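> What follows is a predicted structure for the sequence shown.
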Amino acid sequence: MSTARTTRFPGEQVAPGRGGVGESPLRPDGTLKVKGEFAYASDLWIDGMLWGATLRSPHPRAIIRTINIAPALAMTGVHAVLTHEDVPGRKMYGLDHTWDQPVLAIGEVRHHGEPIALVAADHPEIARRAFCAIEIDWEVLEPITDPMAVLSAPKKLAVQERGGIARHQPVRVGDISVGRELAAVVVTEEYEVGIQDQAFLGPESGMVIPAEDGGLDFYVATQWMHNDLSQIGPCLGLADDQIRMTMAGIGGAFGGREDLSMQIHAGMLAMHTGKPIKMMYNREESFFGHVHRHPAKMLYEFGATATGKLTYAKVLIVLDGGAYTSATLNVTGNASSLAVGPYEIPHIEIDAYGVYTNNPPCGAMRGFGAVQACFAHESMMDKLAEALDMDPVRVRQLNVVSQGSKLATGQVVHAPTPLAEMLGTLSEMPLPEAMDASDIRNLPGGASQTTHGEGVVRGVGYGVGIKNICFSEGFDDLSTARVRLEVIGGEPVALVHTAAAEVGQGLVTVEAQIARTELGIERVVIHPADNGVGDSGSSSASRQTYMTGGAVKAACEAVRQRVLALAQGKHGAHRGLQLIGGKVVSGTGEVLDAIADVLGDEVVEETREYHHKPTTGMDPATGQGNSHTQLAVCVHRAVVDVDTDLGLVKVVALDAVQDVGKIMNRLSLEGQIHGGSIQGLGLAVMEEIQVSNGKVRNPSFTDYLIPTILDTPPQRLEILENPDPHAPYGLRGAGEPPTLSSTPAIAAAIRDACRKQGGTGDITRVPVRPEDIIRGS
């Protein structure tokens, strides 16, 4: 039987060679995206559709005395104007069953940009003019914007009915008074992290189409389809089977699409008008349409012996969650559990708080609470090294966890990454060549000609990050996959169907790699993600390759067993199919012929759920518990050139060592490490949403700066494979850890440069501002 490949199908992934686990087949969406031909959610179009738009609050805190929509309704081309009174079901929604966020403001607004009313019109400009015509009589109130003040008076300064504090999570180990007695050196510092935006390039967009059965068809860009469904249905008064969701093209996410944006709003307008509704935010509205990284204020105190061994840690972390809960409960848990990093400390007192204010709502973003803590604990390790007059790498090596160590939560470290060795490997990597001042593009400030080398000093810094992988604290994390195998055109073809979101991380490529490896075939089609299959969970927490990869693997194994059973029934022990009875097979012509021969006209389909090992909650008083599924680490060394006169920085190198357990796809993996590192660079030196008295001042990519290729330094990578026996293929989640350690490494390098000029190097806040550098030099 011939295995010549003559036919391709829509959605089919095609790659040179087999493209199994461990190889790097090209991404099926890569060429389309590079050429500008990929269909994103903002490209959706259907004849007869209306445009939806949202009126948002100009105030961070105010009472709505009256609202008059009549002027907007009277405009030609306007089909609907809706307020909270038109919500057909539950008026509140929220992540994790918090249900504290109004679909549309009910009598008051609690943050700048809160949705108030919706408009459907023939043209987006008509919709914009219509919502501008809505008349509101406001009673403007003084916003509550200081999270530390809320912590001091949570009842008096309560932004919402829940009070001022969303969660307080303490962690207690030993007795810090004993740790203080053992300490020869004590260092203290206050740290601050600003508000970082996910800054995905594809703004929130989607389409909702009314169906004949009274339900709705959603085409949206989201990170967690089934979680959206659990909120959309109750708010629209529809049963789950009346809502059909299909993933539209996603232009990045990084946590910002885990909460709802336009989904319920577009659904309301579609139900009210009976017409398809398209909603698409512009860039300014996008800044108001999704949550951001929690800003943090942190107070740290570390004690150590004269030889550098940590004796105690006292930590206070205050995370500003903004007006509504979103992911604040879980972010606070993460921050508390990882507050002192991957270090062994016998006496610990941690208090982490998530509080409500009238600042912009904050929730999930890559790193999820560990980013803020990492900046602080790594800065403290540098401060400790300075006080002890020790090498900062050596101080870390003396204190990092190893096999059998306990984290702050009491969780025992198993299958550890050799952190001390990783730090040694990193420090031995070659340093970049000396600064070449003959080309001003190599200097801080670049072509703006702010310097020709005078006042420029080089600094080097290190950072260690530890991040939990998958969902934690007792959450029953699962993913579902359906795999179908049949013969098409004389050749076996697998169809892989999940609800997992491809947000740019390369999941669809890995799904196909797993199917090829487990089934011994070459042709794999990835079904568009929709809710026609069970929940795959969120494309967050670096979990999809672990969880959905695990589900695809399990479904493929079930399909393989059925094929083998068919072979036994038809032919006895089929020589060709004995090759696919093992874990890893080769897509040889013999195997392909054998599968096609056994299947004939039959279709084999299996659906499987994958669950990771169970976790526990954190004890509400002590924080103890096995709260995390898996832990992953990355270490960075940053080299920077700093113009200490003007406070300008050029990151010259950002090298990393990361343990990933198993390299599933090296090309995609390196892209994840590079991208995570650069997102950390952005937080270190440029990215911050500026908020003044509760109002966002820079909702644009003109004023909110993100790194470009000109800001991206060369990155040497050393990737280790120390397998986790509990994970599929032994893999470790890889997308988030580099985002953690890159930020403190860059901040440490800037401090180093400032101190070489005789300054204090007091860099205690990110992003680092020019005035911080000038003051620290």
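Received it, and whenever you're ready, just let me know what you need.
> Could you verify that Gly550 is part of a helix?
Yes: counting by DSSP: H, G, I helix; E, B strand; the rest coil, one finds Gly550 located in a helix.
> Now do the same contact list for the nearest residue to it once chain neighbours are set aside.
Using CB to CB, 6 or more residues apart in numbering and skipping residues adjacent in sequence, the residue nearest Gly550 is Tyr610, 3.8 Å away. For the C-beta atoms, the positions are set from N, CA and C on the backbone; glycine is no exception. With contacts taken as CB atoms under 8 Å, 6 or more residues apart in numbering, Tyr610 has the following neighbours: 478-481, 547-548, 550-551, 553-554, 728.
> possible to save those residues as a markdown table with neighbour count?
What follows is the contacts of Tyr610, written out as a markdown table (neighbours: other CB atoms under 10 Å):
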| residue | neighbour count |
| --- | --- |
| Leu478 | 18 |
| Ser479 | 28 |
| Thr480 | 24 |
| Ala481 | 30 |
| Met547 | 33 |
| Thr548 | 29 |
| Gly550 | 25 |
| Ala551 | 32 |
| Lys553 | 23 |
| Ala554 | 22 |
| Pro728 | 23 |
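> So which of those sit within strands?
When DSSP state E is applied, the contacts of Tyr610 are split such that 478-481 fall in strands.
> got the contacts of Tyr610 as TSV, with distance to Arg180 columns?
Compiled in TSV, the contacts of Tyr610 are given as follows (distance: CB to CB, whole Å):
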residue	distance to Arg180
Leu478	45
Ser479	46
Thr480	51
Ala481	52
Met547	43
Thr548	47
Gly550	45
Ala551	49
Lys553	50
Ala554	51
Pro728	45
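> Quick one: the residues you listed as TSV, columns for distance to Pro738 and pLDDT too.
Below are the contacts of Tyr610 laid out as TSV (distance: CB to CB, whole Å; pLDDT from 0 to 100):
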residue	distance to Pro738	pLDDT
Leu478	27	97
Ser479	24	98
Thr480	29	98
Ala481	27	98
Met547	20	98
Thr548	21	98
Gly550	23	98
Ala551	26	98
Lys553	25	98
Ala554	29	98
Pro728	21	97
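> wait, which of those is closest to Ser692?
Of all those, the one with the least separation from Ser692 (CB to CB) is Met547, at 40.9 Å.
> residues contacting the closest one?
Neighbour list for Met547: 470, 477-479, 536-537, 610, 612 [criterion: CB under 8 Å, 6+ apart].
> Specify which member of these is nearest to Lys91.
Distances from Lys91 to the contacts of Met547, taken as CB to CB, are shortest for Gly537 (27.0 Å).
> Run a quick neighbour tally on that closest one.
Other residues near Gly537 number 28, with proximity taken as other CB atoms under 10 Å.
> just checking, it is part of a helix?
No: applying three-state DSSP, one finds Gly537 to be coil, outside a helix.
> Tell me if I'm right that it and Arg543 touch.
Yes: with contacts counted by CB atoms under 8 Å, Gly537 reaches Arg543, the gap being 6.6 Å.
> Confidence-wise, which helix or strand of this protein is lowest on average?
Of the helices and strands making up the chain, the lowest-confidence element is strand 12-13, at a mean of 40, by mean pLDDT, DSSP states H and E.
> Let me know the next secondary structure element after it.
helix 30-34 (DSSP states H and E).
> Does anything pack onto the next helix or strand after that next one? Which helices or strands?
Towards the C-terminus, the helix or strand next in line after helix 30-34, according to DSSP H and E, is strand 50-56. Helices and strands touching strand 50-56, by 3 or more CB pairs under 8 Å, 6 or more residues apart in numbering; DSSP states H and E, are strand 115-121, helix 124-133, helix 263-273, strand 277-280, helix 283-289.
> what pLDDT, on average, does the first one get?
In this model, strand 115-121 carries a mean pLDDT of 98.
> Check the last one too.
Throughout helix 283-289, pLDDT has a mean value of 98.
> Now do the helix or strand following that helix: distance to the chain's middle.
The first helix or strand that comes after helix 283-289 along the chain, using DSSP H and E, is strand 296-304. In terms of CA atoms, centre = their mean, to the nearest Å, the centre of strand 296-304 is set 26 Å apart from its chain centre.
> what does stretch 24-41 give?
Centre to centre, stretch against its chain (CA atoms, centre = their mean), the figure for stretch 24-41 is 21 Å.
> tell me how far the ends of that stretch are from each other?
Counting by CA to CA, to the nearest Å, the length from the leading to the trailing residue of stretch 24-41 is 27 Å.
> What residues sit buried inside that stretch?
By neighbour count, with 16 or more other CB atoms under 10 Å as the criterion, the buried positions of stretch 24-41 are 24-25, 27-29, 40-41.
> circling back to that earlier point, of all the contacts of Tyr610, which comes closest to Val493?
Among these, Ala481 lies closest to Val493 (CB to CB), at 16.3 Å.
> Would you quantify the distance from that closest one to Val510?
As judged by CB to CB, to the nearest Å, Ala481 and Val510 stand 12 Å apart.
> Repeat that for Asp213.
Using CB to CB, which is the criterion applied here, Asp213 is 36 Å from Val510.
> neighbour-wise, which of these two wins?
Between Asp213 and Val510, counting by other CB under 10 Å, Val510 is the more crowded of the two (24 against 9).
> So that one sits against Thr545, correct?
Yes: between Val510 and Thr545 there is a contact at 5.4 Å, judged by CB under 8 Å.
> Now do the shared contacts for the two.
The contact lists of Val510 and Thr545 share Met664, where a contact means CB under 8 Å, 6+ apart.
> Quick one: residues contacting Ala127.
Applying CB under 8 Å, 6+ apart to Ala127 gives the contacts 51-53, 78, 119-121.
> Kindly report the same for Ala121.
50-51, 53, 75, 77-79, 127, 130.
> Tell me the spacing between the closest residue to it other than its chain neighbours and Lys33.
For Ala121, ignoring the flanking residues on the chain, the nearest one in space by CB to CB, 6+ apart is Ala127 at 3.9 Å. According to CB to CB, Ala127 and Lys33 sit 29 Å apart.
> now swap in Thr517 and tell me
In this structure, Thr517 lies at 25 Å from Lys33, with CB to CB as the measure.
> cool, and Met429?
32 Å.
> circling back to that earlier point, closest to Glu181 among the contacts of Ala121?
Sorting the contacts of Ala121 by how near they are to Glu181, with CB to CB, puts Ala53 at the top with 63.6 Å.
> Surely that closest one touches Lys278?
No: look at Ala53 against Lys278 with CB under 8 Å: they stay out of range, at 10.4 Å.
> next one: phi and psi at the spatially most central residue of the chain?
Using CA atoms, centre = their mean, the residue of the chain that lies closest to the mean C-alpha position is Arg366, 3.1 Å off. Here the main-chain torsion angles of Arg366 (degrees, to the nearest 10) amount to phi -40, psi 110.
> how near is it to Cys374?
12 Å.
> again, but for Ala554
With CB to CB as the criterion, Ala554 and Cys374 are 34 Å apart.
> got the contact list for the closest residue to Pro154 other than its chain neighbours?
Taking CB to CB, 6+ apart as the measure, Pro154 lies nearest to Gly164, with 3.2 Å between them; neighbours along the chain are not counted. Listed by CB under 8 Å, 6+ apart, the contact set of Gly164 reads 150-151, 153-158, 355-356.
> Now, those residues that are in strands?
In strands, defined here by DSSP E, the members of the contacts of Gly164 are Val355.
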